[in-house]
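> 3D model of this:
(chains A, B, C, D, E and F)
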Number of protein chains: 4
Amino acid sequence: MAYKRSPLMEERLAGNRQRILHAARGLVAEGGYRNAPITAVASAAGVSTGQIYRHFPSKADLFVEVLHHAVEHEIAILRAIAAEPLPVSRRLRRAVEAFVRRALAGPGLAWAFIAEPVEAEVDDERIRARRLLGEVFRDLLAEGMVKGELPPQDLDASAACLVGAYTEALVGPLAPSRESPRDGEQLVEAICGFCLRAVGARLDE
Amino acid sequence: MAYKRSPLMEERLAGNRQRILHAARGLVAEGGYRNAPITAVASAAGVSTGQIYRHFPSKADLFVEVLHHAVEHEIAILRAIAAEPLPVSRRLRRAVEAFVRRALAGPGLAWAFIAEPVEAEVDDERIRARRLLGEVFRDLLAEGMVKGELPPQDLDASAACLVGAYTEALVGPLAPSRESPRDGEQLVEAICGFCLRAVGARLDE
Amino acid sequence: MAYKRSPLMEERLAGNRQRILHAARGLVAEGGYRNAPITAVASAAGVSTGQIYRHFPSKADLFVEVLHHAVEHEIAILRAIAAEPLPVSRRLRRAVEAFVRRALAGPGLAWAFIAEPVEAEVDDERIRARRLLGEVFRDLLAEGMVKGELPPQDLDASAACLVGAYTEALVGPLAPSRESPRDGEQLVEAICGFCLRAVGARLDE
Amino acid sequence: MAYKRSPLMEERLAGNRQRILHAARGLVAEGGYRNAPITAVASAAGVSTGQIYRHFPSKADLFVEVLHHAVEHEIAILRAIAAEPLPVSRRLRRAVEAFVRRALAGPGLAWAFIAEPVEAEVDDERIRARRLLGEVFRDLLAEGMVKGELPPQDLDASAACLVGAYTEALVGPLAPSRESPRDGEQLVEAICGFCLRAVGARLDE
DNA sequence: CATGAATGAGAATTCATTCAT
DNA sequence: TATGAATGAATTCTCATTCAT
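Numbering: from 1, shown residues only, chains lettered A, B, ... in the order given. All right, here's what the predicted structure looks like:
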């Protein structure tokens, strides 16, 4: 307890952990999971491979955490919006808008929800992430239905469709942003319109 | 001269090709591309690895064909529906319905539109498939807009959202069919409703 | 004996053998041993792979024979020249000249004396070929020494040097014909001069 | 911080690299390139296959380096001799002598100038080596011709013949040393005599 | 007897994980 | 304790040879 080096070391330890996570995320954003062998993560983080196994039991665990962190923040934002004292349809629009804007601003995040995970354990986390994302919307839709703001509908199906709709629009081959570098706002508006109409929300709110 | 090209042999040859394709598809459906190394495909098909290279120039080519076959038929069906002499909203519903029903009936198909490809060459084919799928819907939406059956909207965005919506609903983690094995018809109805509302079509047609 | 098809079949059989040898030689001349897998030889010869194994115990045996035939003729020519009733130095010049001219005229033969054989058994034949080539010259040098036309010298060493000298000049990286497509006759003259001087023969004969 | 780059480790690392090169050279000297699959090199060097790829980007690169090292030193020696303040014919004799003596002393070197390379990249290096070797002699011959010590001759052809002559004499099937393990000095003398006579140099110098 | 589909050992290369230093 | 050298199983692909038809 009175060890003089203990706090310093712990700080450094924690710092290394962050640097590893950061490096891993960076490499994946650059070129996918394939671009992130352990040795590359290690050198990008400025640590040894041994360090990585000091902090994470396996490569899969490291990337599960990378994905988890990437998603956690998004979910928090969506949840905050979902809790705002606004009409459901307004919150829905704000939630979709927020997600799409963030995805358009920084690449690599939306990507994580679709692309090649390779590692079974990591894939599970991706599935979980999509599920969490869906749940935010399902709860919001439920509230809207109860309050009569939205027409009756299958909540799970609608939530899944919502998530599918805007992720595909963002990263799919038909993603308008790929076909022609158009106005981001136009895309945001198109996706929001689609989603709101889809769940029967009033668009004018 | 002698036994030149016995019909039996040709049959077996063709049979092997099919068995390889089938085995490959099965393994991928089970556990993804990573579950399908060449050796596993070979043994699942009951042939040697060499056989695979007799029929396909490379592993990538094999899986491109697996994906291509999975998609080809779907596209044809959707196009046929899109050409029917019906109101656009009716064709839209029938197209989504057809796709969803087929996906629910046979596993592995819808999967092919989402899953992790890893191999660049294979990924290209997947992208192409999604694009084709999207184009069928975009054309239909365009017709609907021109004829005044659908409100003005961003065609590319709407098409992408449509494809994303129903594929996610089918294979995503929130896919209702996964949460609880419910009535398929209910799911079909939910997805169709979502999609038709989303593009502003009349649901009662 | 009275079988009506026997002679015909034997003819065809022999014809196939020749076609296989010819096809094998052609493929090697084109792109080396690597360019001549059994299946390629078979299809170039218009026969089945099984046929090849009917005529040759193994791929190596086939190519041993290919090489052997290619060399046999050269050796015969050199031996004929070596047997001519001329002064030794004259015969030497004529022998070197003949070899170099033939090599310059048709590519692929000289190649066989140097290049990549890969198959141990085939390599042995290549070695034997070089040995035979050397022996023709050794005998000639021996005669020249005995008759006093050539100064005393180590016959084996001189013969080996001779073979090495003109093959390198023909196929090596310094082969003048590669650096600049010069007059073939000039090269013939240069090589002959080198060889005759080397063994102490009179050049003016 | 801690054990950063222990000298011991670096020594071992470097040692492994050398052992790999050495093992590769040994295997090739024994039985040619085909006798040296990566696994064989690894086990001969007492390391894993992975180690080899830690030190060399590919098998071809490893063998390029094997060949390069084998040649580099020889060229340096020949160049040093070629620069000595002696009559050209004297330097020529010393150069040939040096090469032949070294080849007789250590096996595997002369071999490298002739043998079957198979790998295109490796072959390129062999070609380069022979070219360099030839150039040393060509320059020397050029000087001799200019100074009147040597009769006029085709420099490229003579240089190529020289290289071919002594390499063949050393490794070819007629190499005297193979037929009967004779006195090495006798062979040196025979080859030198051949070469000097060939270019018209005075032997008595 | 001829065919050519089928075999399967073997080759090069990668990379998560461990452990001697 | 930290390092990064070392491991070796796993992967894709080739091709000489065989044998059912």
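> Spell out which residues of chain A are next to DNA strand E.
For chain A, the residues in contact with DNA strand E (CB under 7 Å from any atom of the strand) are A:R34, A:P37, A:I38, A:T39, A:T49, A:G50, A:Y53, A:S58, A:K59, A:A60. Bear in mind the C-beta positions are built from the backbone N, C-alpha and C, glycine included.
> Now flag whichever of the residues you listed is closest to chain C.
Each of those was checked against chain C using CB to the nearest CB; the closest is A:R34, at 31.5 Å.
> What is the subsequent helix or strand relative to the helix or strand of chain A with the lowest mean pLDDT?
Comparing helices and strands within chain A by mean pLDDT, DSSP states H and E singles out helix A:176-179 as the least confident, with a mean of 52. Next helix or strand after helix A:176-179 toward the C-terminus (DSSP states H and E): helix A:184-198.
> Could you check the angle that following helix makes with helix B:184-199?
Taking axes from the mean of the first three to the mean of the last three CA atoms, to 10 degrees, helix A:184-198 and helix B:184-199 form an angle of 140 degrees between their directions.
> which other helices and strands contact helix A:184-198?
With contacts defined as 3 or more CB pairs under 8 Å, 6 or more residues apart in numbering or on different chains; DSSP states H and E, helix A:184-198 has these neighbours: helix A:88-105, helix A:155-171, helix A:176-179, helix B:155-171, helix B:184-199.
> can you redo the ones you listed as JSON lines with distance to C:E65 and mean neighbour count?
Supplementary listing: these in JSON lines, determined by distance: least, CB to CB, whole Å; neighbours: other CB atoms under 10 Å in any protein chain shown:
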{"stretch": "helix A:88-105", "distance to C:E65": "69", "mean neighbour count": "20"}
{"stretch": "helix A:155-171", "distance to C:E65": "62", "mean neighbour count": "29"}
{"stretch": "helix A:176-179", "distance to C:E65": "61", "mean neighbour count": "18"}
{"stretch": "helix B:155-171", "distance to C:E65": "61", "mean neighbour count": "29"}
{"stretch": "helix B:184-199", "distance to C:E65": "69", "mean neighbour count": "22"}
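> Which of these sits closest to B:E65?
Nearest to B:E65, of all these, is helix B:155-171, at 21.0 Å by CB to CB.
> quick check, that closest one touching chain A?
Yes: legend: contact between helix B:155-171 and chain A by CB under 8 Å from any CB of the partner chain is shown at B:156-169.
> which one among those residues gets closest to DNA strand F?
Each of these was checked against DNA strand F using CB to the nearest atom of the strand; the closest is B:T167, at 25.7 Å.
> Surely A:M145 touches A:S158?
No: taking contacts as CB atoms under 8 Å, A:M145 lies outside contact range of A:S158: 9.5 Å.
> Tell me the helix or strand right after whichever strand or helix holds A:I20.
Using DSSP H and E, A:I20 sits in helix A:6-31. Beyond helix A:6-31 in the direction of the C-terminus, DSSP H and E gives the next helix or strand as helix A:38-45.
> Next, the buried residues of that following helix.
Applying a neighbour-count criterion of 16 or more other CB atoms under 10 Å in any protein chain shown, the buried positions in helix A:38-45 are A:V41, A:A42, A:A44, A:A45.
> again with stretch A:48-67
In stretch A:48-67, residues buried by neighbour count (16+ other CB under 10 Å) are A:51-52, A:55-56, A:59-67.
> for whichever helix or strand A:E72 is part of, the distance to its chain's centre please.
Per DSSP H and E, A:E72 falls inside helix A:59-82. The gap between the average C-alpha position of helix A:59-82 and the chain average comes to 6 Å, counting by CA atoms, centre = their mean, to the nearest Å.
> Show me what that helix packs onto, helices and strands only.
Helix A:59-82 makes packing contacts with helix A:6-31, helix A:49-55, helix A:88-105, helix A:109-112, helix A:120-146 when contacts are defined by 3+ CB pairs under 8 Å, 6+ apart.
> how about a cut-off of 7 Å?
Packed against helix A:59-82, as judged by 3 or more CB pairs under 7 Å, 6 or more residues apart in numbering or on different chains; DSSP states H and E, are the following elements: helix A:6-31, helix A:88-105, helix A:109-112, helix A:120-146.
> Minimum distance to chain B: which of the ones you listed has it?
When the helices and strands packed on helix A:59-82 are ranked by proximity to chain B, the top entry is helix A:120-146, at 3.8 Å, counting by CB to the nearest CB.
> can you tell if that closest one touches DNA strand F?
No: contact of helix A:120-146 with DNA strand F is not found when judged by CB under 7 Å from any atom of the strand; the minimum separation is 12.2 Å.
> Now do that helix and helix A:88-105, the angle between them.
With the same axes, to 10 degrees as the criterion, the two stretches helix A:120-146 and helix A:88-105 enclose an angle of 150 degrees.
> May I see the buried residues of helix A:120-146?
Residues A:122-123, A:125-126, A:129-138, A:140-141, A:144-145 are the ones in helix A:120-146 that count as buried (16+ other CB under 10 Å).
> which pair in the buried residues of helix A:38-45 spans the largest distance?
Based on CB to CB, the longest span within those runs between A:A42 and A:A44 and measures 7.3 Å.
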